[in-house]
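Asks: Provided below are the primary sequence and the corresponding predicted coordinates.
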Amino acid sequence: MGLDRDNDTMRTFVAKQGTTVRRWHLIDADGKVLGRVATVAAKLLQGKHKAVYTPFLDTGDHVVVVNAAKVKLTGRKETQKLYRRHSGYEGGLREDRAVDVRARQPRRLVEEAVRGMLPKSKLGDAMYRKLKVYSGGSHRHAAQKPTLIEVA
């Protein structure tokens, strides 16, 4: 970064698509609040923690979330929070309570919370593909040597 010789102004750094270094992060969701886990994961997926963050490029890292089945919901969300999906057919709206979703697909709690915090575009889809969620304590990304991230 330096001065532009023509008009003595600073140039703005813009990351290039292929030059981003992607790291792997591990979040243990055991006993942690769902929203806190999701915000940390979304921030890492978008790359907002990096100095090279560029809003219109995917500069984010990979995130592995383990123990999604043990994530905590505050208040009465366990019984009152609704998860909706639509089959695409007429009258195909399905609603499930958080307690039922946790029993059937515990990964979906974290996946939907993080997905809702990402951009609603092709860029957001690319960021979401870098999220790996596991309901248990083990994962298959040990070769990538993910760094453990603490969630408050």
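Replies: Ah, there it is.
Asks: residues near residue 119, how many?
Replies: Other residues within reach of residue 119, judged by other CB atoms under 10 Å, total 16. To be clear about C-beta, it is placed using only N, CA and C from the backbone, and glycine gets the same treatment.
Asks: again, but for residue 114
Replies: 24.
Asks: Quickly note the distance from it to residue 27.
Replies: Separation of residue 114 from residue 27 (CB to CB, to the nearest Å) stands at 10 Å.
Asks: Identify the contacts common to the two.
Replies: Jointly contacting residue 114 and residue 27 under the rule CB atoms under 8 Å, 6 or more residues apart in numbering are residue 41.
Asks: which element is the residue nearest to residue 152 when sequence neighbours are not counted on?
Replies: In this structure, residue 152 finds its nearest non-sequential neighbour in residue 36, 6.0 Å apart by CB to CB, 6 or more residues apart in numbering. Per DSSP states H and E, residue 36 falls inside helix 34-46.
Asks: Could you do residue 99 as well?
Replies: Per DSSP H and E: residue 99 is located in helix 98-104.
Asks: now that helix: mean pLDDT?
Replies: What helix 98-104 shows for mean pLDDT is 97.
Asks: In CSV, list the C-alpha atoms belonging to it.
Replies: Presented in CSV, the C-alpha positions along helix 98-104 are these (Å, rounded to 0.1, in the frame of the first residue of the first chain):
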residue,chain,number,x,y,z
ALA,A,98,-36.8,-27.3,18.4
VAL,A,99,-37.2,-30.3,20.8
ASP,A,100,-38.3,-32.5,17.9
VAL,A,101,-35.6,-31.2,15.5
ARG,A,102,-33.0,-31.9,18.2
ALA,A,103,-34.3,-35.5,18.6
ARG,A,104,-34.3,-36.2,14.8
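Asks: Report all helices and strands that it contacts.
Replies: Packed against helix 98-104, as judged by 3 or more CB pairs under 8 Å, 6 or more residues apart in numbering; DSSP states H and E, are the following elements: helix 77-80, strand 82-86, helix 107-115.
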